[in-house]
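J.: sequence isn't available, so here's the structure alone:
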């Protein structure tokens, strides 16, 4: 009865959150990351107040203007203000990032849980499915799905989400398996609780931490994949100011109107770095043992 | 003083000579052409795509070609005869024309090539037996070919000048594995011969030394000046522009219009625009009850500002057009400029008011409680179409129509267009000969395939048929003009812009003046005129 | 162990079949390749004729089974667009992709191994933090954006390197020069991942007991670090390398497009966009087989390196 399985460390239950935040605050990079993410969220919410122009406003008298006081990031080939477009683009970046990860987490958590809980044939089939999805290069799979569904942001989100759930599944499966096999379960079973309840009660808290970390690290990945898909022509509908689409629009002008493609690119970089700093910091802070794994 | 005069005279003479020599085309060197899309095959009898045509035209040739006034002129023939009833055509081949593999061009090569074309090409819809065309090809001697037609074909000569009806050696065709033709081997009579195609990378062609039979409009009758012409495949437009300005590409026809502004400012690059026969047009889906009222269609036509589209979507490299046939297409009717619907947003608003669509609280017109909302489809992956979509969306918004823009890549968009899953759409078409072209776009038989207005009108059909089949050239012209009038006045189709072909070349490339003196096709002249300084 | 290998081999079949079926269905849902290829100027009957010729109107299951049967006999069919044999098209492109991705991998390791080792030996130092930021910088930029900027700087402005295209095999001077920019574009971003991986694994190992024991035995610190820590850091690195197999052969999709590189990635993108089913299926099949083989090799490598690991 006194045997506690290795993985049931109480780091993520109750009070330790305080120490998590403390550890996080000491990590400078993580603080920077959190700041960036906060800035992004604020920008997305308050976009109409922050952006000086309507992102779809075409002004034929101000085509391809370099950055100036009137247009901080310059204008594009239809006279639209790049700064406003980048600001509104924050909404799409966050939307895409969060939506994709939610899909990936949902599919992954479900399949991972089922796989670990039932074991046997079900586990084998799902593992095979994971192998299959992993055997196709992500971009190729996303392209094929987006090509079949058609263009547009929502189809793109689905395409990337369907291509990238495998890590979440593996994570969930691992947790479920380790709990299933622990003596704690036998003990708990002996006291009359059903397997299902036990696992759920113990899996949930233990997976919160890694899920949070994965989420923070997968959001930027989703944003980058979306940019690639937009670059290849299968992304957002015009005039949606999604960052990847903005870069794609501006690529022909790189040598003489570089701001059209470079500004959104910098926005993506800052966003990705922010989430990555935060995610790394979270990982180090939430479970020191986890910091040694990848 | 005298010595000074002598010296200056000599200097002037020297300068003049050097300049003259510099102007004269120099032989030698490699010309690198930047292609924005890879051909799928170079086999003229199987391809339908523009970029294949651009390359293969230097290698294989049809019997005739077109001069700068769109007249059919002989290329590989001395002359031809029509029988009195118009059912037999006799062609007399030039003697002594060699293929790249050394064989001489004879009548049986023509027969074999034509028969192969009829069997394989999806473009063979006018000339083959199944269309009432050629049912027999006879070769009474080595240099005479007799074509026998079931019914008279007035446009036959134009077809024979089409690059796709190119001549290849009969023996070579039958002895080469089918999957190699156009991919790993191609033999013809053109000024360049096929050397190698590295898939995804480049197509290499060398000068054919024995070429002497350049068309009458070419300054140089052969052989080509350059030793080698390499077609490099560069799908990314930004990279193509970079290669042109600072890399190894000497000339390209695929630079995007958006890059023109920057290229024009570059002293080492020369940019020319030549009209093409392509058309960007808006079509209204006539299966929608809303569009049965001509006033709605006219309102749309009046609301569209073609100048704005030409300027913004095409960066000035496009010109507004008044007919579905651009001015560079054979059969264009100049009268179309008088009947087209001019940009007049006030008139558009008045028409909508008249039709009962009043402006609602949100700025969108409504009638009987229903808002005036349209779905506009166009291509996501071609800049100019996507942009045009955005601009038209804004222009229709200005007169109170809310437009939902739904773009998809070309194939998907056409899929929707064919089944009428849209309200209005912006499409593209290109063909050099107006008669079959307009038939494609506007005849009722093509509803469900290429007629995206999904509209048929008996009178229009009648004129379209007459334009292709009448034996009287004057009647053909009149019919084609009337057909254009009807398509414009119906407002089912709104012609928007025809793009100019952009030619961008390093200043070290010579012969560009001669090239632009002739319309952009046929491209055989490129091999003969261009050289490296 | 050989029984294990054999069983894994057998598992190849359902995996590969699953891959091909998924891709097959996706491609067929995406639409008609013939109309796309011919363009709008061709009569519908010609399009229908060609579709019938190629058997494209048969039920999907029938087409799939037909394809599987032929593929099992080594016939991957012909491209719808070019009529060339799919197997030929793939074999022509593989070399181009391989030379690029191998060079990229080399660059990745060249940067990440020393950086990871040094970071592990001196954790939380300035070097450690800087290298983390540096690596993160490269991983945050969209891949195609990075490529375009490299072209702009090194190709157009400073004119140091060829802008695009593969100008020859890796072992020729001209070829090598043309490999540099795309390989950098491909190789710099993953350096972040590998550096972190090496660093964290080595940190873990350095704290392990038997390292302390080795130190107690009096071996020089350097030797301790290098011999023991690296051997064990090798394991997850090899795992990651193994998982990158598909990438090695077909992942450089966007980079190949930007640099006009004639490789597998571009072949797949072009074929997907043009709905050239046979080519996409052939290429994906090829990749899937490679992936399964690579995973198998990685597992075998584990067993060899650590006899404690046993599979049933």
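T.: It's in. Please read all numbers here as calculations on a predicted model, not as lab measurements. Residues are numbered from 1 along each chain as shown, chains lettered A, B, ... in the order given.
J.: run a quick neighbour tally on whichever residue of chain C sits closest to chain B.
T.: Nearest to chain B, among the residues of chain C, is residue C:262, at 3.0 Å (CB to the nearest CB). Heads up, the C-betas are built off the backbone N, CA and C, glycines and all. Counted with other CB atoms under 10 Å in any protein chain shown, residues neighbouring residue C:262 total 23.
J.: nearest spatial neighbour of it, chain-adjacent residues omitted?
T.: residue B:200 (3.0 Å; CB to CB, 6 or more residues apart in numbering or on different chains).
J.: tell me the contacts of that neighbour?
T.: Each residue near residue B:200 by CB atoms under 8 Å, 6 or more residues apart in numbering or on different chains is listed here: B:38, B:233, C:93, C:96, C:261, C:262, C:263, C:266, C:267.
J.: now swap in residue A:225 and tell me
T.: A:100, A:138, A:139, A:142, A:160, A:163, A:164.
J.: at 10 Å instead, please
T.: For residue A:225, the contacting residues are A:96, A:100, A:138-139, A:142, A:156, A:159-161, A:163-164, A:218, A:244, C:142, by CB atoms under 10 Å, 6 or more residues apart in numbering or on different chains.
J.: which residue ranges of the stretch 201-312 of chain C form helices?
T.: C:209-216, C:221-224, C:230-243, C:245-250, C:253-258, C:264-273, C:277-305 (DSSP state H, counting those that start in this stretch).
J.: which among those is found nearest to chain A?
T.: Taking the helices of the stretch 201-312 of chain C one by one with CB to the nearest CB, helix C:277-305 is closest: 4.1 Å.
J.: what about that closest one, near chain B?
T.: No: shown here: helix C:277-305 not in contact with chain B (CB under 10 Å from any CB of the partner chain), separated by at least 11.1 Å.
J.: for that helix, packing partners?
T.: Judged by 3 or more CB pairs under 10 Å, 6 or more residues apart in numbering or on different chains; DSSP states H and E, helix C:277-305 is in contact with helix A:120-135, helix A:138-149, helix C:2-29, helix C:60-72, helix C:86-121, helix C:230-243, helix C:245-250, helix C:264-273.
J.: would you point out which residue is most central in chain A?
T.: Geometric centre of chain A, nearest residue: residue A:219, 1.5 Å, by CA atoms, centre = their mean.
J.: hmm, that residue is touching residue A:98, no?
T.: Yes: Residue A:219 is within contact range of residue A:98, at 6.6 Å (criterion: CB atoms under 10 Å).
J.: so which residue is smack in the middle of chain C?
T.: residue C:247 (1.1 Å).
J.: ok, now which ones touch that residue?
T.: A:137-139, C:101, C:104-105, C:186, C:190, C:241, C:253, C:265, C:287, C:291.
J.: I'd like to know how far it sits from residue C:144.
T.: Shown here: residue C:247 relative to residue C:144, a distance of 16 Å by CB to CB, to the nearest Å.
J.: host element of the residue nearest to residue C:262?
T.: Under DSSP states H and E, no helix or strand contains residue B:200.
J.: what do you get for residue A:273?
T.: Per DSSP H and E: helix A:259-286 holds residue A:273.
J.: next one: residue B:494
T.: strand B:493-506.
J.: what pairs with that strand, and is each one parallel or antiparallel?
T.: Here strand B:493-506 is paired, per DSSP bridges, with strand B:251-252 (antiparallel), strand B:269-275 (antiparallel), strand B:278-284 (antiparallel), strand B:318-320 (antiparallel).
J.: output those as TSV; include the columns mean neighbour count, distance to residue B:223 and mean pLDDT.
T.: Converted to TSV, the strands paired with strand B:493-506 look like this (neighbours: other CB atoms under 10 Å in any protein chain shown; distance: least, CB to CB, whole Å; pLDDT from 0 to 100):
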stretch	mean neighbour count	distance to residue B:223	mean pLDDT
strand B:251-252	23	19	94
strand B:269-275	18	25	86
strand B:278-284	24	32	92
strand B:318-320	21	36	88
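J.: looking at those, spot the one closest to residue B:312.
T.: Residue B:312 lies closest, by CB to CB, to one member of the strands paired with strand B:493-506: strand B:318-320, at 9.9 Å.
J.: following the closest one, which helix or strand comes up?
T.: The C-terminal neighbour of strand B:318-320 among helices and strands, as given by DSSP H and E, is helix B:336-339.
J.: for that following helix, buried residues please.
T.: Within helix B:336-339, the residues scored as buried using 16 or more other CB atoms under 10 Å in any protein chain shown are residue B:336.
J.: for stretch C:147-165, same thing?
T.: C:147-152, C:154-156, C:161-165.
J.: and stretch B:417-437, by the same measure?
T.: B:417-418, B:420, B:422-437.
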